[in-house]
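Asker: Please find the sequence and the predicted model below.
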Amino acid sequence: MGGPSAEHEVSLSSGRECANALRVAGYDVTEIVLDKARGQDLAGLLRAAAPDVVFNALHGRWGEDGCVQGLLEWLGLPYTHSGVLASALAMDKSRAKEAFRAAGLPVVESVIADADEVRRRHVIPPPYVVKPNDEGSSVGVYIVQDGANQPPDLSPDMPDRVMVEAYAPGRELTTTVMGDRALDVTEILTEGWYDYAAKYTVGGSRHVVPAQIPEEIRAACLDLAVRAHKALGCRGLTRTDFRWDETRGLAGLIILEVNTQPGMTPTSLAPEQAARQGIDFPALMRWMVEDALCRS
């Protein structure tokens with residue numbers, strides 16, 4: 001847990017929650033906490049720990065984009081969540097969309113553009129969203145409203161290349177996939193948009209599970225989440241985020257992204273959905289560990 005990504009603190013919170021639940025489930029747990037500096041001897045730390053299974057609670061770049069997964073494959077250590085290719089695809093938003101389109105899944109149009117060009121002009125007509133192509137947790141996201149006269153004033157630490165995608169209006173829905181089955185649909189309610197603070201601050205958002213939506217939309221979310229999971233080649237636990245414009249019915253449902261390592265904090269969505277299925281947090285942790293061990 002921890003690590004050098006922008007989601008360092010989120011990862012620490014997830015890691016602590018998971019470690020505590022794993023102990024409740026009966027496992028001996030060694031916590032490996034990585035600081036924000038790159039270049040640590042993670043391979044040496046893992047060899048010293050000699051684990052039966054690695055529970056990967058890292059988030060963001062390096063932790064869930066295939067890098068750590070590649071190291072774990074090289075060391076021959078079983079690990080939770082998706083493998084190298086699925087992790088890399090899911091973190092690269094542009095390539096993930098290509099995989100979704102190839103599988104016939106609904107996504108909004110987007111382009112990859114130079115950040116400096118995005119600062120100078122509207123590269124697509126507003127409203128649109130600007131985001132890093134390879135970050136999670138709504139880090140570095142800008143929403144440009146309809147009728148905006150000026151392009152966004154992107155921060156200097158934005159990457160040189162960013163994704164610009166058409167804004168998808170509507171309700172925020174999400175579905176967890178556990179293995180090969182979708183668990184439920186949650187609607188996320190916030191005062192503004194579902195940004196970093198709303199995701200990880202207690203009281204920042206309200207989760208309605210099961211979502212109060214038509215059965216047709218619920219069934220579509222469950223189906224699309226499993227199909228997106230499979231399109232990327234994911235395994236273990238994932239969470240697929242949707243936007244649904246209810247004025248357009250089924251045609252208004254689109255996939256935003258698939259999270260290969262959903263947050264496991266007190267305000268996280270996947271554990272809530274599992275609990276609705278009678279799977280408490282320690283039992284969910286046990287399933288993830290046993291799933292990783294069986295796949296090895």
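Answerer: All right, it came through fine.
Asker: mind checking pLDDT for residue 62?
Answerer: Looking at residue 62, its pLDDT reads 89.
Asker: I figured it hits residue 8, correct?
Answerer: No: using C-beta atoms under 8 Å, residue 62 makes no contact with residue 8, being 10.6 Å away. (Each C-beta comes from the backbone N, C-alpha and C, glycine too.)
Asker: For residue 94, see how far away the residue nearest the centre of the chain is.
Answerer: Most central in the chain under C-alpha atoms, centre = their mean is residue 259, positioned 2.5 Å from the mean C-alpha point. Per C-beta to C-beta, to the nearest Å, residue 259 is found 16 Å from residue 94.
Asker: which non-adjacent residue is nearest residue 172?
Answerer: Using C-beta to C-beta, 6 or more residues apart in numbering and skipping residues adjacent in sequence, the residue nearest residue 172 is residue 188, 4.2 Å away.
Asker: mind listing what's buried in the host helix or strand of the one you found?
Answerer: For residue 188, the host element (DSSP states H and E) is strand 181-189. The neighbour-count check on strand 181-189 (16 or more other C-beta atoms under 10 Å) flags 182, 183, 184, 185, 186, 187, 188 as buried.
Asker: quick one, what contacts the fourth one?
Answerer: Residues counted as contacts of residue 185 (C-beta atoms under 8 Å, 6 or more residues apart in numbering) are 173, 174, 175, 209, 210, 211, 213, 217, 218, 221, 222.
Asker: Using JSON lines, lay out the residues you listed together with pLDDT, distance to residue 52 and secondary structure.
Answerer: Below are the contacts of residue 185 laid out as JSON lines (pLDDT from 0 to 100; distance: C-beta to C-beta, whole Å; DSSP: H, G, I helix; E, B strand; the rest coil):
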{"residue": "173", "pLDDT": "98", "distance to residue 52": "36", "secondary structure": "strand"}
{"residue": "174", "pLDDT": "98", "distance to residue 52": "31", "secondary structure": "strand"}
{"residue": "175", "pLDDT": "98", "distance to residue 52": "31", "secondary structure": "strand"}
{"residue": "209", "pLDDT": "95", "distance to residue 52": "33", "secondary structure": "coil"}
{"residue": "210", "pLDDT": "96", "distance to residue 52": "36", "secondary structure": "coil"}
{"residue": "211", "pLDDT": "97", "distance to residue 52": "38", "secondary structure": "coil"}
{"residue": "213", "pLDDT": "98", "distance to residue 52": "41", "secondary structure": "coil"}
{"residue": "217", "pLDDT": "98", "distance to residue 52": "41", "secondary structure": "helix"}
{"residue": "218", "pLDDT": "98", "distance to residue 52": "38", "secondary structure": "helix"}
{"residue": "221", "pLDDT": "98", "distance to residue 52": "35", "secondary structure": "helix"}
{"residue": "222", "pLDDT": "98", "distance to residue 52": "33", "secondary structure": "helix"}
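Asker: among these, which ones are buried?
Answerer: Using 16+ other C-beta under 10 Å, the buried ones in those are 173, 174, 175, 209, 211, 213, 217, 218, 221, 222.
Asker: And the strands in the stretch 1-150 of the chain?
Answerer: Assigned by DSSP state E, counting those that start in this stretch, the strands in the stretch 1-150 of the chain fall at 110-114, 128-132, 142-144.
Asker: and of these, who's closest to residue 74?
Answerer: For residue 74, the closest of these is strand 128-132, at 27.0 Å, according to C-beta to C-beta.
Asker: Sheet-wise, list the partners of the closest one with their directions.
Answerer: In the sheet, strand 128-132 lines up against strand 142-144 (antiparallel), strand 161-166 (antiparallel) (DSSP bridges).
Asker: I would like the residues contacting the first one, please.
Answerer: Put plainly, it is strand 142-144. 122, 126, 127, 128, 129, 130, 131, 151, 152, 154, 167, 193.
Asker: moving C-terminal of the worst-scoring helix or strand of the chain on mean pLDDT, what's the next helix or strand?
Answerer: Lowest by mean pLDDT, DSSP states H and E among the helices and strands of the chain is helix 196-200, with a mean of 47. Scanning forward in sequence from helix 196-200 by DSSP H and E, the next helix or strand is strand 206-208.
Asker: how far does that following strand sit from the chain's center?
Answerer: Chain-centre distance of strand 206-208: 18 Å, with C-alpha atoms, centre = their mean, to the nearest Å.
Asker: For that strand, buried residues please.
Answerer: Buried residues in strand 206-208 (16+ other C-beta under 10 Å): none.
Asker: pLDDT weak spots in the stretch 151-296 of the chain?
Answerer: Along the stretch 151-296 of the chain, the parts satisfying pLDDT under 70 run over 191-204, 266.
Asker: dump the residue contacts of residue 85.
Answerer: 66, 233.
Asker: I am finished for the moment; much appreciated.
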